[in-house]
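Asker: Model the following, please.
(2 chains)
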Amino acid sequence: MKAKVNGVELACAIEGREGAPWLTFSNSLATNMAMWDDQVAALKDEFRILRYDKRGHGESGGAPGDYPIETLVADLIALWDHLGIRTSHFVGLSIGGMTGFGLGLDHPDRVASLTLCCTRADSPPEYNAAWPARIAVAKKDGMAPLVTPTLERWFTAACRARETAAMAKMGRMIATTSVDGYVGCAWALQNLPYLPRLSAIRVPTLMLGGSNDILLDGTREAHRRIPGSLYYEVGPAGHIANIEQPALFTAGLKSFLARQR
Amino acid sequence: MKIKTNGVMLNAEVEGREGAPWLTFSNSLATDLTMWDAQAKALAGRYRILRYDKRGHGKSDAPQGPYDLPMLVKDVIGLWDHFGIKRSHFVGLSIGGMTALGLGIEHADRLISIVPCDCRADSPAEFRDTWPPRIKIAEGKEGTAGLVPMTLERWFTAETRKAHPERMEYMTRLISNTTVTGYVGCAHALENLPYLPRVGEIKVPTLFVAGTTDVMQEPTRDLHKRVPGSSYVEIGPAGHLSNLDQPELFTAAVGAFLDLHK
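Answerer: Predicted coordinates for the structure are as follows:
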């Protein structure tokens, strides 16, 4: 379904057990809500699940321009308001995880727990250096030329060789992301504001990392800074750890969510 | 129950669903089979579970040492032969994990999978040199009770020691109850870990598990990189006894891995 909120039309889907606690999934850059298919299948008997396509991604709209991370946080709050969701567990990966930092810091009353995966809370120069070239490619030739290098960055070589169906699915997600959405979210990634404030997060938090992810150190650092947070790392797994290690990933997530009841 | 095998009387317990795949748990130094209580309880519905006290530990006999890893591996094979266990999953922590590596290298045909936790496969000088002072304390007038403060400090973070006095009491009891002969015998095994050059030969499904703040976290991650096709899970905050510090996450990861390799 589509919901017009915070000045943008967001695609979202609701499934799972009616009346159960809400659990919201937030996708990474250049993917969409389909990245969570395995986790939703494993958790839909215990939770009422909301998935949505981040602005500029999947079936959601998204105008050209810079998307600050605070806008992405406001999108979800508006979506929760629109759907009458008072509080929800939240699972986000990469930019979805960054959105979770903002939720935990600025909307703790709306969040039952945070599971933040393969993510980081700041944008040091060495991290930002990679974006201008990718943005230039997207603006000039669209998303298609980014598919192969992105899959190579996201998954270990063994996974790419073994999981051909998953790679095709992920490749389609990358290729069908709008250039405006990719570029807009890339701006958010280059301007992440949350690191100095992480120690103020008070909601139950699980930081979840992939052993081969370039954001592993950022994920671990967030665990160290967030008081009382738990840490769970799966490997071998690159950036999209829930696709590369679905069984281990889902087991850790499910265990964490179970202890929040 | 007591089983005489490989020249030693070992204490073992069998529980869980009859006819289900076998799952064996192996304890760490200065602990006993009760360290796996949470995991055995959680997995008993899906597995037939064998737990045992390593020689010199718990209610097992403590023959004169030194022990070595091949001997501890043979103890497991002896137990499996006694119970008619052809193949089993094997979960071991620290010296139990090292035993898992030996089984993986030498007895792949007896294994469904191995889960070595918080362990290492070699004894470089900086690791080997930690043992003589500990052996000296154990052989002194206090016995293994004299090892309690330094061991708790090594195994648990300051926060954990403060937040979980009941866990510290339990560990104090386990360490103090370990026989000096058993502790020293196993310490000699730890001074001479032989498997690092051969871990690349391991072909059985393998999951390595480590605690974030364990001194063996780096060696465990390194083993994951050396064992082709192995998986890795790290959980935290957790020290050396990661299954006690984070029982839910530990059990979830191990259970998910075992279920993949039925």
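Asker: Could you use CA atoms for every contact and neighbour count after this?
Answerer: Fine.
Asker: tell me the SS of the residue in the stretch 51-200 of chain B that chain A sits nearest to?
Answerer: For the stretch 51-200 of chain B, the nearest residue to chain A under the criterion Cα to the nearest Cα is B:Glu159, separated by 10.6 Å. Local secondary structure at B:Glu159 is given as helix here, using DSSP: H, G, I helix; E, B strand; the rest coil.
Asker: what do you get for A:Asp66?
Answerer: Using three-state DSSP, the secondary structure recorded for A:Asp66 is coil.
Asker: what's around it, how many residues?
Answerer: Taking other Cα atoms under 10 Å in any protein chain shown as the criterion, the count of residues near A:Asp66 is 16.
Asker: from what I can see it touches A:Cys185, true?
Answerer: Yes: taking Cα atoms under 8 Å as the contact criterion, A:Asp66 and A:Cys185 are neighbours in contact, 7.0 Å apart.
Asker: what comes up buried for the helix or strand of chain B with the lowest mean pLDDT?
Answerer: Across the helices and strands of chain B, mean confidence by mean pLDDT, DSSP states H and E is lowest for helix B:158-163: a mean of 93. When neighbours are counted by 16 or more other Cα atoms under 10 Å in any protein chain shown, the buried residues of helix B:158-163 are found to be B:Thr160, B:Arg161.
Asker: which residues are contacting that helix?
Answerer: Contacts of helix B:158-163 with the rest of the structure, by Cα atoms under 8 Å, 6 or more residues apart in numbering or on different chains, involve B:Leu152, B:Arg167, B:Met168, B:Asp245.
Asker: Keeping just the C-alphas, turn the next helix or strand along the chain from it into CSV.
Answerer: Past helix B:158-163, heading to the C-terminal end, the next element that is a helix or strand (DSSP states H and E) is helix B:165-177. The C-alpha trace of helix B:165-177 is given here as CSV (Å, rounded to 0.1, in the frame of the first residue of the first chain):
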residue,chain,number,x,y,z
PRO,B,165,27.6,-12.2,42.1
GLU,B,166,25.6,-15.4,41.8
ARG,B,167,27.6,-16.3,38.6
MET,B,168,30.9,-15.5,40.5
GLU,B,169,29.8,-17.7,43.4
TYR,B,170,29.1,-20.6,41.0
MET,B,171,32.4,-20.2,39.2
THR,B,172,34.3,-20.0,42.5
ARG,B,173,32.7,-23.3,43.5
LEU,B,174,33.7,-24.9,40.1
ILE,B,175,37.2,-23.7,40.1
SER,B,176,37.8,-24.7,43.8
ASN,B,177,36.2,-28.1,43.2
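Asker: Which pLDDT value belongs to the closest residue to B:Leu193 other than its chain neighbours?
Answerer: Closest residue in space to B:Leu193, ignoring its immediate chain neighbours: B:Asp122 at 4.6 Å, by Cα to Cα, 6 or more residues apart in numbering or on different chains. Looking at B:Asp122, its pLDDT stands at 98.
Asker: Would you quantify the distance from B:Asp122 to B:Pro194?
Answerer: Noted for B:Asp122: a distance of 6 Å to B:Pro194, by Cα to Cα, to the nearest Å.
Asker: Redo the contacts of helix B:158-163 as TSV? Include pLDDT, distance to chain A and neighbour count.
Answerer: Rendered in TSV, the data for the contacts of helix B:158-163 read as follows (pLDDT from 0 to 100; distance: Cα to the nearest Cα, whole Å; neighbours: other Cα atoms under 10 Å in any protein chain shown):
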residue	pLDDT	distance to chain A	neighbour count
B:Leu152	97	21	18
B:Arg167	94	18	16
B:Met168	97	20	18
B:Asp245	96	11	22
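Asker: Looking at those residues, spot the one nearest B:Ala40.
Answerer: Minimum separation from B:Ala40 among the contacts of helix B:158-163 (Cα to Cα) is found for B:Asp245, which lies at 15.8 Å.
Asker: hmm, back to that, so which of the contacts of helix B:158-163 comes closest to B:Ile137?
Answerer: Nearest to B:Ile137 among these is B:Leu152, at 14.8 Å by Cα to Cα.
Asker: Check the secondary structure at the closest one for me.
Answerer: Here B:Leu152 takes the helix state, with states given by three-state DSSP.
Asker: Tell me the secondary structure at the residue of chain A most remote from its centre.
Answerer: Distance from the centre of chain A peaks at A:Lys140, with 26.1 Å (Cα atoms, centre = their mean). Under three-state DSSP, the three-state class of A:Lys140 is helix.
Asker: Around chain B, which positions in the stretch 101-250 of chain A sit nearby?
Answerer: Near chain B, the residues belonging to the stretch 101-250 of chain A are A:Ser211, A:Leu230, A:Tyr231, A:Tyr232, A:Glu233, A:Val234, A:Gly235, A:Pro236, A:Ala247, A:Leu248 when assessed by Cα under 8 Å from any Cα of the partner chain.
Asker: Shouldn't the fourth one be within a strand?
Answerer: Spelled out, that is A:Tyr232. Yes: residue assignment for A:Tyr232, taken from three-state DSSP, places it within a strand.
Asker: What count of nearby residues applies to it?
Answerer: 28.
Asker: Next one: it from B:His188, what distance?
Answerer: As for A:Tyr232, its distance to B:His188 is 33 Å (criterion: Cα to Cα).
Asker: Please apply the same query to the fifth one.
Answerer: Between A:Glu233 and B:His188 the distance is 33 Å, computed by Cα to Cα.
Asker: what does B:Thr31 give?
Answerer: Taking Cα to Cα, one finds B:Thr31 at 17 Å from B:His188.
Asker: So for the two, which sits in the more crowded spot?
Answerer: Taking B:Thr31 and B:His188 together and counting by other Cα under 10 Å, B:Thr31 has the greater number of neighbours (23 against 20).
Asker: Quick check: end-to-end length of stretch B:151-162?
Answerer: When the termini of stretch B:151-162 are compared using Cα to Cα, they are 15 Å apart.
Asker: now what about the helix or strand harbouring A:Ala78, what contacts it?
Answerer: With elements taken from DSSP H and E, the one containing A:Ala78 is helix A:69-83. Residues from elsewhere that reach helix A:69-83, judged by Cα under 8 Å, 6+ apart: A:3, A:5-6, A:54-55, A:86, A:98-100, A:102-103, A:185, A:188-189, A:191-192.
Asker: Could you identify the buried members of those residues?
Answerer: Buried by 16+ other Cα under 10 Å: A:3, A:5, A:54-55, A:98-100, A:102-103, A:185, A:188-189, A:191-192, out of these.
Asker: Could you report the neighbour count for A:Ala74?
Answerer: Using other Cα under 10 Å: A:Ala74 sits among 17 other residues.
Asker: now swap in the one 10 residues further on and tell me
Answerer: Other residues within reach of A:Gly84 by the criterion other Cα under 10 Å amount to 9.
Asker: One more: B:Asp61?
Answerer: Residue neighbour count, defined by other Cα under 10 Å, stands at 21 for B:Asp61.
Asker: close enough to count as contact, it and B:Val8?
Answerer: Yes: using Cα under 8 Å, B:Asp61 and B:Val8 qualify as a contacting pair, with a distance of 6.4 Å.
Asker: Quickly list what's touching both of those two.
Answerer: Counting by Cα under 8 Å, 6+ apart, the residues touching both B:Asp61 and B:Val8 are B:Arg55.
Asker: Export the lengthiest strand in chain B to CSV, keeping only CA atoms.
Answerer: Secondary structure assigned by DSSP state E gives strand B:8-16 as the longest strand of chain B. In CSV, the C-alpha atoms belonging to strand B:8-16 read as follows (Å, rounded to 0.1, in the frame of the first residue of the first chain):
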residue,chain,number,x,y,z
VAL,B,8,40.0,-43.2,33.2
MET,B,9,36.6,-43.1,35.0
LEU,B,10,34.6,-40.3,33.4
ASN,B,11,31.3,-38.8,34.7
ALA,B,12,28.7,-38.4,31.9
GLU,B,13,25.0,-37.5,31.6
VAL,B,14,22.7,-38.3,28.8
GLU,B,15,19.4,-36.4,28.3
GLY,B,16,17.2,-35.1,25.5
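Asker: Brilliant, that's me finished.
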